[in-house]
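Student: fold the following for me, if possible:
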Amino acid sequence: MAAARIRATLKQAAPPSASGVERFLSRSGRIIDYPARWTDRLELLALVLSRSVDADEELSEKQLGARLRKHTDDVATLRRYLIDSGLLHRSPVGSSS
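Tutor: Sure, this is the predicted structure:
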């Protein structure tokens, strides 16, 4: 009886579980894991990009890397996923995105 009350109290005190693609992010907005399902991955990438870059904004690789670093330590993988998904485009010489 007491154990059930304790479990109920702990459950109420726990923060709500993240839903949607937010479940792949830490509370601070960093990527914990990439979804295996393509639609979830695309949605996660779009969310991260929207939090990092304004539409029509052109950034140098260094500027982009600094912004993406807020979401992951593996910036190269995130950038590659963004480019491969068509959400981000690089200049022909690769100096800006």
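Student: show the average pLDDT along the one helix or strand R67 maps to.
Tutor: Here R67, judged by DSSP states H and E, is contained in helix 61-68. Here helix 61-68 scores 94 as its mean pLDDT.
Student: got the angle for whichever helix or strand comes after that helix vs helix 61-68?
Tutor: Using DSSP H and E, the helix or strand that directly follows helix 61-68 along the chain is helix 75-84. Going by axes from the mean of the first three to the mean of the last three C-alpha atoms, to 10 degrees, helix 75-84 is angled at 100 degrees with respect to helix 61-68.
Student: what does the longest helix along the chain contact?
Tutor: In the chain, assigned by DSSP state H, the helix with the most residues is helix 38-52. Helix 38-52 is contacted from outside by 20-21, 24-25, 29, 31, 34-35, 64, 67-68, 70-71, 78, 81-82, 85, 87-88, using C-beta atoms under 8 Å, 6 or more residues apart in numbering. Where you see a C-beta, it was placed from the backbone N, CA and C, and this is true even at glycine.
Student: what angle do it and helix 61-68 make?
Tutor: 110 degrees.
Student: buried sites along helix 38-52?
Tutor: Buried residues in helix 38-52, counting neighbours by 16 or more other C-beta atoms under 10 Å, are found at 41-45, 47-49, 52.
Student: repeat that for stretch 61-69.
Tutor: Residues of stretch 61-69 classed as buried: 64, 67-68 (neighbour count, 16+ other C-beta under 10 Å).
Student: does G86 belong to a helix, a strand or coil?
Tutor: Assigned by DSSP: H, G, I helix; E, B strand; the rest coil, the conformation of G86 is coil.
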